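**Q** Model the structure of this input:
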Amino acid sequence: MVANYLSVLLSGRTSQASAMATSPNLIVAIVFALLTVASSHVYFEERFEDGWEDRWVVSDWKKEENLAGQWNYTSGKWSGDPNDKGIQTSEDYKFYAISAEFPEFSNKDKTLVFQFSVKHEQKLDCGGGYMKLLSGEVDQKKFGGDTPYSIMFGPDICGYSTKKVHAIFSYQGSNHLIKKDVPCETDQLTHVYTFVLRPDATYSILIDNVEKQSGSLYSDWDILPPKQIKDAKAKKPEAWDDKEHIPDPEDKKPEGYDDIPKELPDPDAKKPEDWDDEEDGEWTPPTIANPEYKGPWKPKQIKNPNYKGKWKAPMIDNPDFKDDPDFFVYPHLKYVGIELWQVKSGTMFDNILVCDDPDYAKKLAEETWGKHKDVCCNLLFHVAL
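**A** From the prediction side, this is the model:
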């Protein structure tokens, strides 16, 4: 209802809007929605509608080697809306590079949200589906694999070993990968990948509006040296008892335990008919394992009442740690780019967003991917048949 009202209002139909705005609850909801829109800052949003080619620059990277792939503008083989198009890789064993510029901004003291949808129609065996944010001045016609970037984010698949979401930060000339494992989707449907970076150095990674990973930039990346390290000079105290179990001092060996033989004559064995005691010697039956024999006696184990746990060296302040509260701040963010190598083409990108509001990003995902996901799934099922 709120969305319908805002649509009517923004279209200029004020009389119809006035008639709709009669409910107090609706008025409160409308005010809240307007405040949310007003407080959100969208730095870049691309749904690949009319005029998209004017906003994007295809790089000449790898053209001289005849290794530059062509982008197709298409809705794909299965889509919930044939008019909802994106850009898709179209040639196998090719490199792809394309970028778009937006007004420069800094994420200092702001939440940064980087979101896009990607679909691998080709049953991807090896290839990327990630995107990059770049800073400063970039020659977009030369944008390629060696172009420095600020953030790289998105899925990457190659064989059985690599099926993960990349989340990489550039800091002082080095690229730092997330240490946690974030599995990516591997089917042929559209999925939305969202990276939320907050000013308190926390983050969230979402797939299809569901959080898959979160934590601290300090602990989940090795961008800065750790604040604390193990004390290399510390030694385990001699009195430290790290044996979790000990022999029961009250357990006694049963009488006759040592008299139990390891093997017994086989009671079912019979002397062969052709056995000659004079020639073969006295016949003795073969032996078998004695089921009563339990091996050398050992007292049973009980929990050690003095167990202190496994000893660990205490943590101390790292003398090499020097905090940089802005290590994840990029003051000159200015471009979004796609730079890929694909063995098998068919990856499609759409609905790219750079903003400061996770709620707006969630809403965009629901309006696009969420609106068509079930239809796309059914279409893919029938195509597979």
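
**Q** Break down this structure into its helices, ranges please.
**A** 2-10, 14-20, 24-39, 52-55, 217-220, 277-280, 358-365, 371-384 (DSSP state H).

**Q** what's the neighbour count on the closest residue to E137 other than its chain neighbours?
**A** Spatial nearest neighbour of E137, excluding adjacent residues (Cβ to Cβ, 6 or more residues apart in numbering): K334 at 7.7 Å. All C-beta spots, glycine's among them, are computed from the backbone N, C-alpha and C. K334 is flanked by 20 other residues according to other Cβ atoms under 10 Å.

**Q** For the remainder of this discussion, apply numbering that starts at 70.
**A** Shifting the count to begin at 70 puts that one at K403.

**Q** give the contact list for K403.
**A** Contact partners of K403, counting by Cβ atoms under 8 Å, 6 or more residues apart in numbering, are E170, F171, P172, E173, L203, S204, G205, E206, V207.

**Q** Any of those buried? List them.
**A** Applying a neighbour-count criterion of 16 or more other Cβ atoms under 10 Å, the buried members of the contacts of K403 are E170, F171, L203, S204, V207.

**Q** for these, which one is nearest G284?
**A** Distance to G284 across those (Cβ to Cβ) is lowest for S204, with 24.2 Å.

**Q** Y399 is in contact with that closest one, correct?
**A** Yes. With contacts counted by Cβ atoms under 8 Å, S204 reaches Y399, the gap being 5.3 Å.

**Q** how's this structure carved up into domains?
**A** 70-108, 112-292+394-453 (automatic domain parsing).

**Q** okay, those in CSV with mean pLDDT and distance to G350 next?
**A** Converted to CSV, these look like this (pLDDT from 0 to 100; distance: least, Cβ to Cβ, whole Å):
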stretch, mean pLDDT, distance to G350
domain 70-108, 50, 101
domain 112-292+394-453, 92, 63
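
**Q** winner for burial among those domains?
**A** Mean neighbour count, computed with mean count of other Cβ atoms under 10 Å, is highest for domain 112-292+394-453 among these, reaching a mean of 18.

**Q** Please tell me how far it is from the chain's geometric centre.
**A** Offset of domain 112-292+394-453 from its chain centre (Cα atoms, centre = their mean, to the nearest Å): 13 Å.

**Q** tell me the centre residue of the chain?
**A** V251 (2.0 Å; Cα atoms, centre = their mean).

**Q** How much space separates the closest residue to that one other than its chain neighbours from P323?
**A** Counting by Cβ to Cβ, 6+ apart, V251 lies nearest to V234, which is 4.0 Å off, once chain neighbours are set aside. Applying Cβ to Cβ, to the nearest Å, the value for V234 to P323 is 61 Å.

**Q** got the contact list for stretch 151-165?
**A** Contact partners of stretch 151-165, identified using Cβ under 8 Å, 6+ apart, comprise 116-117, 125, 130-131, 136-145, 167, 186, 188, 190, 196, 213-214, 407-420, 437, 441.

**Q** Mind doing that once more with 7 Å?
**A** With contacts defined as Cβ atoms under 7 Å, 6 or more residues apart in numbering, stretch 151-165 is touched by 117, 130-131, 136-145, 407, 409-419.

**Q** repeat for stretch 188-200
**A** Stretch 188-200 has contacts (Cβ under 7 Å, 6+ apart) with 145-146, 185, 187, 221-228, 235, 257-259, 405-407, 409-417.

**Q** Point out the ones among the residues you listed that are inside strands.
**A** 185, 187, 221-227, 235, 259, 405-407, 409-411, 416-417 (DSSP state E).

**Q** residue ranges of the strands in the stretch 170-319 of the chain, please?
**A** Taking DSSP state E, counting those that start in this stretch as the test, the strands found in the stretch 170-319 of the chain are 181-189, 195-197, 200-204, 220-227, 231-240, 243-246, 259-266, 271-276, 279-285, 297-299, 314-316.

**Q** Export those strands to JSON lines and append columns for distance to D327.
**A** Shown next, in JSON lines, are the strands of the stretch 170-319 of the chain (distance: least, Cβ to Cβ, whole Å):
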{"stretch": "strand 181-189", "distance to D327": "69"}
{"stretch": "strand 195-197", "distance to D327": "65"}
{"stretch": "strand 200-204", "distance to D327": "74"}
{"stretch": "strand 220-227", "distance to D327": "62"}
{"stretch": "strand 231-240", "distance to D327": "58"}
{"stretch": "strand 243-246", "distance to D327": "61"}
{"stretch": "strand 259-266", "distance to D327": "68"}
{"stretch": "strand 271-276", "distance to D327": "63"}
{"stretch": "strand 279-285", "distance to D327": "59"}
{"stretch": "strand 297-299", "distance to D327": "48"}
{"stretch": "strand 314-316", "distance to D327": "18"}
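
**Q** so which of those strands gets nearest D349?
**A** strand 314-316 (48.9 Å).

**Q** Could you measure from L246 over to T353?
**A** Distance of L246 to T353, given as Cβ to Cβ: 71 Å.

**Q** what about T437, distance to D150?
**A** Counting by Cβ to Cβ, the gap from T437 to D150 is 9 Å.

**Q** for K381, that is, sorry about that
**A** Noted for K381: a distance of 57 Å to D150, by Cβ to Cβ.

**Q** And for F396?
**A** Per Cβ to Cβ, F396 is found 42 Å from D150.

**Q** what do you get for D161?
**A** For D161, the distance to D150 (Cβ to Cβ) stands at 27 Å.

**Q** Repeat that for W140.
**A** For W140, the distance to D150 (Cβ to Cβ) stands at 20 Å.
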